[in-house]
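> Got a predicted structure plus its sequence, pasted below:
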Amino acid sequence: MERDLKPLREKMVSAMVYDGWQFVQNAITSIDTAYFCVDTIGKIIKQHEDAYNSWFDGIGQEIAKKKEKGEEMKVAITSERLPRYVTVVAGIYVINVGGYIGSSTRSEIEYAKATGKHVEYLETLAK
């Protein structure tokens with residue numbers, strides 16, 4: 001984002017308000033950085049949404065094919081069937097309020113530990 005700040009800079013420098021000018025420059029840099037981060041995070045979220053939608057649609061298509069053929073089918077979501085971005089995370093953060101951990105979260109914890117991922121808990125686990 002390019003701005004014409006030359007007139008402002010000249011006035012500030014001539015009035016010996018150089019610290020003020022530095023403040024303006026730093027603020028502009030911070031704002032530009034924030035815009036970049038928002039844009040980058042938005043792109044990452046879009047990629048994950050697309051991966052999830054593709055994965056979800058694939059499961060739906062499998063089920064529809066089996067139903068058309070009149071075949072019985074059990075659906076199991078295993079780590080092999082998860083979208084790739086789920087399997088490449090560095091670790092998981094478990095929100096275990098009051099010590100409660102549900103069965104699906106337990107399976108995620110087991111998978112994370114089995115694949116060498118970091119597991120962190122909101123509350124200390126009871127021994």
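Arrived safely, thanks for sending. Since the model is a prediction, treat every value here as computed from it, not as a measurement. Numbering: from 1, shown residues only.

> Just after the lowest-mean-pLDDT helix or strand in the chain, pick out the following helix or strand.
The weakest-scoring helix or strand in the chain, judged by mean pLDDT, DSSP states H and E, is helix 84-87 (a mean of 55). On the C-terminal side of helix 84-87, the closest following helix or strand by DSSP states H and E is strand 91-94.

> quick one: average pLDDT of that next one?
Averaging the model's pLDDT scores along strand 91-94 yields 85.

> Ok, stretch 30-39 next?
Computed over stretch 30-39, the mean pLDDT rounds to 86.

> Kindly report the same for stretch 115-127.
Mean predicted lDDT for stretch 115-127 stands at 85.

> Now that stretch: buried residues?
Going by neighbour count (16 or more other CB atoms under 10 Å), the buried part of stretch 115-127 is K117. In this view, the C-beta of every residue, glycine as well, is placed from N, C-alpha and C.
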